[in-house]
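Q: Predicted model follows, preceded by the sequence.
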Amino acid sequence: MPDPKSGEAVESTKRRRLLGLLGGGAAVSLAGCSDQEPSDGGDGSDGSDGSDGMDGDDGEDGEDEPQRSNADKAQAAWERAVANPLPEDEELRKEAYIEMEEAVRDDAAVIPLFHSFTERFWYDYVDVPVSGALGAHWQQYNTTTVEGQSELNLVNDTFDELDPIMSTDTASSRVITQLYENLTAFPNGVPVIENQLMSEYEVSEDGTTWTFTLRDDVQFHDGSQMTAQDVKYSWRRTVESENSERASFTLNQPVGLGIDAETDDDGNVVADSLAIEVIDDRTIEIQLVGPNPDVLDVIAYSSFSVIPQGYVGDIEGYDGEVTHQEFSTEVANGTGPFELDAFNVDEDVTVVRNDDYYGEVASVDAVNWEIIEDSQAAWTYALEQNADIFSVPTFAYEADAIDAEADDRGRQVGTYGPAGELNEEVNYVGVSEISTYYFAFNVSNTQRAARQAIAYVMNKDQIVQEVFAGRGTPAYSFLPPAIWPTGNDGYNQFLDAYPYSLGESDIEGARSVLDEAGITTDDPVDMTLTTYESQVFQTAGELVRDLISGTGVNLSLESSQFSTLQSRGEDGDLEMYSLGWIWSWPAVPYGMFQLEPLNTDTSSMPGETNGFYLDWQTRLEEEAE
């Protein structure tokens, strides 16, 4: 929710001007994608003491006020953070985010599993820039060369659309990045913001008015010149199109930009009311509801990609050159270094070189992605050199085969192999990504005691070492330690208060919380865990199932394609499931907004696909159990 006072803009005629290519990273902001298994191809018991977040109130002894549910506490914390956006309110916001973490933990709505260490492998005939901590889905392949080949071949996961305002996952982002571009970007996923489609910008002293000057040498794939009118149209689509899943990124603070707009009685944005003004063909200005230092980061997100004005007729005033269905899967018209050739949903995607690209024209004629989610099939595909850049699945992984050293960004860069079926040495990079993989629950479909019991039996250190071959850091919070609001000391304090027997599998703790809820082997509850079509996540699920067996929770397992899991999540048709979240830059509010209970209502999806499919809003204002 925006600050109710944020519309009171401060008058200022003084403006500071910043020219040329941006150097260092802007302040933290938001972007990210739901993800499945980390690869490149593929968040206790009941209590009454408010100090530990266990369904108590905010008082010292939990007796001064009526008890509130964890969902209520999380909602109140989020609203407190949003209502206090100024720099002097930073400590208050930090406290609120930690309260949200505590509420998620204590309700076991999300059980974090690990923070990923992502590894990427490529054959020696490939020369590709080293990707950064924000993920290789940011990487454009016009600077990648493949010796002796005219095409670059890769593996991807399932997705079913290429419209930037619909993209909520890394699988589609890998392709969209080749076709469409933004005013700013994080090249190769390195967390340093740079200009992309703009040449310079101005910001008013009060931080509410931003003016962007566009490059004058950019044209779309159809040959037309990019202008400020195209940017305005593209950004209007994020809030006016019924197809948009990222309107909050345009309208809201601190989650997104916070561009001012008029809304009707139903809360819909009035056509052409978004506070964007075209000054001339190369200049565009936006007015925010409050100061936001993170604008340059936010507009790098894929939903702000630029397409030609009127190309899709899904907002008022435009008939469209193509239908939205065509735009989703059949045609594309961006400014990127590649053009869409073919997209066969669940099968493959091919993009071809844009010879008129304003930047470095690609050396390869095309980039192909084969859609393969089965890890064994993807590994066989890579071993046969059908994939030039690939991942090594955990079942084939040998840590001793790595020979790498840290570079100036802390990435492990070197070689891997020969190892197992891989009979040659290949290039290697290992990167600590700002990401969290987890098991989550649709709260309305599951009992809290059962969720807490599963948290008790999960020994995350064991799972990471034995199932994921140590390729990650055990996670006890949704926010990665690297962006913990109160730093390392604060994170350690959070760990000290962890209620589910840190670092061990506590069967007795699980039985205790189940017994208190009346769940026994004679009166059990049934629950289904839906995982990706990934051997390691299925193995992790089997381990959890075996650990919880005999306690009164009967856990069944099933696997699903990633795109199907997403669709079922949006329909509220999941109980327990695997999912992951990758930050596109270190942004505490961007991760936490997905955990705001009111934002988890699946009945509002997929119009605005947020909230991790938790349906946590069903717990608001309910009496503590």
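A: It's in. Predicted model, so just to flag it, every value in this text is computed and none were measured.

Q: got any ranges where the stretch 51-200 of the chain has weak pLDDT?
A: Regions of the stretch 51-200 of the chain meeting the criterion pLDDT under 70 cover residues 51-68.

Q: quick one, helices of it?
A: Applying DSSP state H, counting those that start in this stretch to the stretch 51-200 of the chain gives helices spanning 70-82, 90-107, 170-179.

Q: what's around residue 542, how many residues?
A: 15 (other C-beta atoms under 10 Å). C-beta coordinates here come from the backbone N, C-alpha and C atoms, glycine included.

Q: That one sits in which helix or strand?
A: According to DSSP states H and E, residue 542 maps onto helix 535-548.

Q: Quick one: list the elements packing against that helix.
A: Counting contacts by 3 or more C-beta pairs under 8 Å, 6 or more residues apart in numbering; DSSP states H and E, helix 535-548 is packed against helix 375-383, helix 448-457, strand 525-532, strand 553-560, strand 576-583.

Q: Can you add mean neighbour count and mean pLDDT and give these back as TSV?
A: Supplementary listing: the helices and strands packed on helix 535-548 in TSV, determined by neighbours: other C-beta atoms under 10 Å; pLDDT from 0 to 100:
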stretch	mean neighbour count	mean pLDDT
helix 375-383	20	96
helix 448-457	26	97
strand 525-532	20	95
strand 553-560	18	96
strand 576-583	24	90
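
Q: so who does the closest residue to residue 196 other than its chain neighbours touch?
A: Nearest-residue entry for residue 196: residue 185, 4.1 Å, with adjacent residues in sequence omitted and distances by C-beta to C-beta, 6 or more residues apart in numbering. Contacts for residue 185 were tallied using C-beta atoms under 8 Å, 6 or more residues apart in numbering; they are 138, 193-196, 300.

Q: One more pass at 7 Å, please.
A: By C-beta atoms under 7 Å, 6 or more residues apart in numbering, residue 185 lies in contact with 194, 196, 300.

Q: so what's the closest residue to residue 576 other than its chain neighbours up against?
A: In space, not counting the residues next to it along the chain, residue 576 is nearest to residue 529; the distance is 4.4 Å by C-beta to C-beta, 6+ apart. By C-beta under 7 Å, 6+ apart, the contact list for residue 529 reads 541, 555, 557, 576-577.

Q: So what sits opposite residue 529 in the bridge?
A: Residue 529 has these beta-bridge partners by DSSP bridges: residue 557, residue 576.

Q: Also residue 145?
A: Where residue 145 sits in a bridge, its partners, by DSSP bridges, are residue 127.

Q: next one: residue 211
A: Applying DSSP bridges to residue 211 yields these beta-bridge partners: residue 202, residue 285.

Q: out of the contacts of residue 185, which are buried?
A: With neighbours counted using 16 or more other C-beta atoms under 10 Å, those contain these buried positions: 196, 300.

Q: Check the contacts of residue 185 against residue 408 and report the nearest one.
A: Distance from residue 408 was checked for each of these by C-beta to C-beta. The minimum falls on residue 194, at 17.5 Å.

Q: State the distance from the closest one to residue 145.
A: For residue 194, the distance to residue 145 equals 21 Å [C-beta to C-beta, to the nearest Å].

Q: Same question for residue 576.
A: Using C-beta to C-beta, one obtains 44 Å as the distance from residue 576 to residue 145.

Q: Wait, residue 554 touches residue 528, no?
A: No. With contacts counted by C-beta atoms under 7 Å, residue 554 stays clear of residue 528, the gap being 9.6 Å.

Q: In the protein, which strand is the longest?
A: If each strand of the chain is counted by residues according to DSSP state E, the longest one is strand 110-122.

Q: I'd like to check the angle between it and helix 448-457, please.
A: Here strand 110-122 runs at an angle of 50 degrees relative to helix 448-457 (axes from the mean of the first three to the mean of the last three C-alpha atoms, to 10 degrees).

Q: Sheet-wise, list the partners of strand 110-122 with their directions.
A: Within its sheet, and counting by DSSP bridges, strand 110-122 is paired with strand 389-390 (antiparallel), strand 426-432 (antiparallel), strand 435-441 (antiparallel), strand 472-474 (antiparallel).

Q: Export those strands to a markdown table and append columns for mean neighbour count.
A: Listed next are these as a markdown table, based on neighbours: other C-beta atoms under 10 Å:
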| stretch | mean neighbour count |
| --- | --- |
| strand 389-390 | 26 |
| strand 426-432 | 20 |
| strand 435-441 | 25 |
| strand 472-474 | 20 |
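
Q: Quick one: closest of these to residue 617.
A: Closest among the strands paired with strand 110-122, using C-beta to C-beta: strand 435-441, at 13.8 Å.

Q: Can you give the distance from that closest one to the centre of its chain?
A: The gap between where strand 435-441 is centred and where its chain is centred comes out at 11 Å by C-alpha atoms, centre = their mean, to the nearest Å.

Q: Which residues does that strand contact?
A: Contacts made with strand 435-441 from outside it, assessed by C-beta under 7 Å, 6+ apart, are listed as 38, 43, 109-116, 451, 475, 478, 480, 575-583, 612, 614.

Q: Kindly recompute the last result at 8 Å.
A: Defining contact as C-beta under 8 Å, 6+ apart, one finds that strand 435-441 is touched by 35, 37-38, 43, 108-116, 118, 135, 451, 454, 458, 472, 475, 478-480, 529, 544, 575-583, 591, 612-614.

Q: Next, work out how far apart residue 347 and residue 393 are.
A: If you measure residue 347 against residue 393 using C-beta to C-beta, the figure is 21 Å.

Q: go on, residue 208?
A: Using C-beta to C-beta, residue 208 is found at 49 Å from residue 393.

Q: Between those two, which has more neighbouring residues?
A: The residue with the greater number of neighbours, taking residue 208 and residue 393 and applying other C-beta under 10 Å, is residue 208; the counts read 23 against 20.

Q: Check the gap between the residue lying closest to that one once chain neighbours are set aside and residue 401 for me.
A: The shortest distance from residue 208 to any residue other than its chain neighbours is 4.6 Å, reached at residue 288 (C-beta to C-beta, 6+ apart). Between residue 288 and residue 401 the distance, using C-beta to C-beta, works out to 50 Å.
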